[in-house]
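Asks: predicted model and sequence below, questions to follow.
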Amino acid sequence: MRELELYFGPQHLGMVGNFSITLKVEGDRILEATANPGYLHRGFEKLMEYRTWIQNFPMVCRINVIEPDSMEMVYAMAVEKLAKIEVPERANYIRAIVLELARVGSHLFGLWAYANMLGFDTVAQWAMYHRDLVLDLFEELVGGRVYHIYIWPGGVRRDFPEGFKDKIVTTLHAIGGCVPDYDATFFENRLFYERAKGIGKVTREEAKEMGATGQVLRATGMKYDIRKVEPYAAYDKVPWEVPTREDGDAFSRIWIVRDEMIESVHMIFKLLDKMPEGEVYNRIPNPFKWNIPKGEAYVRVESSRGELGLYLVSNGEDKPYRVHFRTPSYPHGLTVLEKALKNASIADVGNTMISLYVVAPEIDR
Amino acid sequence: MQSAKLKINKGSIFNPFKAIRFLFKKPKTLRYPFESKEPALRYRGFHLNDWDKCTGCGNCADICPNEAITMVEIPEIKPKPEEGIKNERPQLDYGRCCFCGLCVDICPPGCLRLSRDYFHIHFDTDTFVFIPKDEKTDEEHFLPEEKYSILQASLAHRKKDNEGFTSDLGYSLFEPERVPMPQVSPEERKLSFIEQVIGYSKEEAKKEASRCLECKLCEEACPAHLKISDYIRAIYEDKSDESLRKIFEDNPIPSICGRVCMKYCEEACSLSIRGEAVAVRWLKRFVADSIEDYKATLELKPAKPTGKQIAVIGAGPGGLSVAYFLRLKGHEVTVFDSLPGGGGMMRIGPPLYRLPLEAIDKDVNYLSSLGVEFKFSTTVGKDIRFEDIQKDYDAVYLGIGTTSSRSTRVKNTDKAVLALPFLSENKIGRQFKVGKEIIVIGGGNVAMDVAREALRLQHMQYPGEKVITKTVSLEDWNELPATEEEIEDGKAEGIQLNPAWGPKEVKLDETGEVKGLLCMKVKSVFDEQGRFSPTFYEEKEMFLEGDMVIEAIGQGADFSFLPENLMKKLEFTERRKVKVDEHGETSIPKVFAGGDIVNLNLDAVTAIADAKVAAEGIDKLLG
């Protein structure tokens, strides 16, 4: 049979984001897949070298549109580590709550993309609507729906507004109340099972070898979560579970997304109960005279897609000397994807890619 | 959380049809724009700026990560440098703005806020560049609910009272509180002339210096335009020597000014609006005190000798400064002063607890090491004739200050003591014999100096006994001319203030000794034009007991050293000040003047500013 080269994306219905894959196919079977990043390269890491420590704070969130909070968190943590800034206890709780809310919002967005791709339009619409409810919460807390610009070095930018705790609980109950609907229409649906089972399979060894983290790794049965391995914010203050599955395929990964959302919601309730009163911000030095002592730091958080790391170097000046992000989509979208697509059928490209939760802006930065 | 929960095999292909029931429910989506959704209270939308509160400091433009803010000059606004107000206001480019709100968190007056508006519909992209105002300053474009239509929403069609993300001092990017200055407690300091202010340590100074936002409003407010933000930055960077060099570019007496400057800079400091101003004066003092040897640090050398000779009459701040600037230009400068040391009014006026003599001598000695010749204890008009000076020197600078105290001239004031003789006697070391109950007439800084000094003398002369010092002033609490700091410190030491009372008569007992002051209630101090013209309720009287009265109501200049023919030539302004041209030259050729005899601000830094002008003028004149 004749070999063909096909271009999948960036203008392709099955593609989410500015990303493309070149497929070498024989009939319906993919012989080789080559991921093409670079459509969304904005040069953030370089731009950050030209901005002061505080000016980078509204910038980092833009690297990942879907879940800006973990970006802000990782930057704040790195700066705090270099400049030796303490964070008040209440701010740690607020940070954890915000990060978990962001995880729920991000997972709902992922569910929208996945369900949409499979043709489950109803579920996709629900997920988008419920994500909007989470964004409403963010709007009230931080003043912005998408770019939150909230977690900054020294704590968080404002305390909870009045009655915000209750609002979180009400909203999460509203979303949680729909879990049976989601299950009936999607997760326990035979069609989803048939379409996702065994698709994009990665073994645990392969996943580890390729640097996969997050759901991709946990779907192979490995209990690995930075929030447990190296707890930050208030993740060590309340009990919670890391959901895992064994099969390493798209089906397991999407189920983990579901379980994680539920776990996050429970965690938020526990954090809200335990949250102390007090300050939420230790004032940072005057931003026009803020030189951070010479040094380097690597910090990492568990974003909704896996390990997000930041390597930050200060030369003792008012701007970073070097910034480098380790984003989870990078290995997922390049190496894991190429591996998982080998011998797959063309119809499963979108399925595999979206189940790997690849977010193009993270790859390119 | 494990697969045990999975029920897939039981799952039916008909499961999705359960979703059909949603067809009969009310949709969750909004029918926009017919159904609108209010943005949250903290929403970060378009900017609002209260022009009346905005100082034009430009911190918003400096912090903006996208350079979306430019400060533009607004011709309608009158700049008021002394109040720290520029005629610039921020202009936003919404093609660049990312609505992060850092500008809001850095805004010192808190006038820049974000609204909950987020619509701008226009065919012209130039309209994205916009100078924000708010409903207080722009009624035309901020409309009440009934006049607002979402279909016309734009930057020029906005809702009134629609504030979103606003400034909160608890989360501001600047530090509103200053590093407290260590001071000797009122109980301890009132017993002696120990210097009240201890001075910052290196760490404290660095921390205080780090608060400065470098908006430079202070530099415009300072009469001598010192490069304040530069020298404060140098302190922050641990470079005291660099800082001292910056100060000496405009001010040769930092040790004096660092203690007693009237600190116009701090009045204008943008941080003072909602917090405490940067302690500019104390930081200058820190630099002056931390450097032992000015000469080794500054490495300043006079220019090539010009052979020109200049006489400076009066070694006060103005005289010292003019001598310094001219000496650096290579001229020979001789300073005459009737006192035994330099400093002029600084030597006799400010009490020792505010300005010790060593601090003055440190500055004066440095000038003398530069080659300025000082002739102390030399009274012009008595020890040397003014005409001779005029003849022997190429130019003369009059920095004589206001050295004669005025009296209220109410009945029996011949029994009262005048402020300046009182202060200067004590300063030179001959303690004035004080009474146990002293009444000081006056409400200005000199009156506070006199009162606080008198209190110390009482404690020293009558240890353990009950002593009282009180002041009487025409001005009421809210208009007292003394600085708040002086009033608070005085009150803490136990001075009793009686504002809004005017002296009527000094009462004497049978032996002719002072027994008290009869006062009358003040109706108003100033007339409608704002001129000093007090009126009283003659019938509302109060008698203050006391065995000593000191008058501290102001000073005048003493021109008795000028020969009659020159005095006639010397022109004065309407406010009885010496008239000078833009180079500081008086109506007598080659005679320049500055300081208290020229301007209405009676303080050191203004005298320095005058000296800078006159030094340039003299240098130009001599070519």
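Replies: On my side now, so go ahead. For clarity, every value in this text was computed on a predicted model and none was experimentally measured.
Asks: give me the neighbour count for residue 163.
Replies: As the question left the chain open, I've gone with chain A. 10 (other C-beta atoms under 10 Å in any protein chain shown). Where C-beta positions appear, they are placed from N, C-alpha and C, glycine not excepted.
Asks: can you look at chain B instead?
Replies: The tally of other residues near residue B:163 (other C-beta under 10 Å) stands at 16.
Asks: quick one: residues contacting residue 234.
Replies: With no chain named, the answer covers chain A. A:92, A:93, A:95, A:96, A:271, A:274 (C-beta atoms under 8 Å, 6 or more residues apart in numbering or on different chains).
Asks: meant chain B, my bad for not saying
Replies: B:240, B:242, B:243, B:246.
Asks: quick check: longest helix of chain B.
Replies: Ordering each helix of chain B by length in residues (DSSP state H) puts helix B:604-622 first.
Asks: which ones among the contacts of residue B:234 lie within strands?
Replies: Assignment to strands by DSSP state E places none of the contacts of residue B:234 there.
Asks: just want the most central residue of chain B.
Replies: Note on chain B: the residue nearest the mean C-alpha position is residue B:264, at 2.1 Å, using C-alpha atoms, centre = their mean.
Asks: wait, residue B:169 sits on residue B:274?
Replies: Yes. Counting by C-beta atoms under 8 Å, residue B:169 touches residue B:274, with 6.0 Å between them.
Asks: so the two - more neighbours on which side?
Replies: residue B:274 (16 against 11).
Asks: and the more buried one, how close does it get to residue B:163?
Replies: Going from residue B:274 to residue B:163 by C-beta to C-beta, to the nearest Å gives 17 Å.
Asks: same check, this time on residue B:192
Replies: Plainly put, residue B:192 is 54 Å away from residue B:163 if you go by C-beta to C-beta.
Asks: next, count neighbours for residue B:168.
Replies: So residue B:168, with other C-beta under 10 Å, has 14 neighbours.
Asks: over to residue A:332?
Replies: Neighbour tally, residue A:332, other C-beta under 10 Å: 31.
Asks: got it, and residue B:22?
Replies: 15.
Asks: and what of residue B:118?
Replies: Counted with other C-beta under 10 Å, the neighbours of residue B:118 add up to 14.
Asks: which ones are touching the closest residue to it other than its chain neighbours?
Replies: For residue B:118, ignoring the flanking residues on the chain, the nearest one in space by C-beta to C-beta, 6 or more residues apart in numbering or on different chains is residue B:45 at 4.3 Å. Contacts for residue B:45 (C-beta under 8 Å, 6+ apart) come out as B:39, B:99, B:114, B:115, B:116, B:117, B:118, B:164.
Asks: excluding its backbone neighbours, what's nearest the second one?
Replies: Spatially, and ignoring its direct neighbours in sequence, residue B:99 is nearest to residue B:44 (4.6 Å; C-beta to C-beta, 6+ apart).
Asks: the one you found reaches residue A:143, doesn't it?
Replies: Yes. Applying C-beta under 8 Å, one finds residue B:44 in contact with residue A:143, separated by 4.1 Å.
Asks: surely the residue nearest to residue B:118 is in a strand?
Replies: No. Read with DSSP: H, G, I helix; E, B strand; the rest coil, residue B:45 is coil and lies in no strand.
Asks: that one and residue B:125, how far apart?
Replies: From residue B:45 to residue B:125 the distance is 19 Å (C-beta to C-beta).
Asks: where does residue B:538 fall, helix, sheet strand or coil?
Replies: Recorded secondary structure, residue B:538: strand (three-state DSSP).
Asks: what secondary structure does the nearest residue to it once chain neighbours are set aside sit in?
Replies: Closest residue to residue B:538 apart from its sequence neighbours, by C-beta to C-beta, 6+ apart: residue B:520 at 5.9 Å. Put simply, residue B:520 is strand when judged by three-state DSSP.
Asks: may I have the beta-bridge partners of residue B:520?
Replies: residue B:502, residue B:541 (DSSP bridges).
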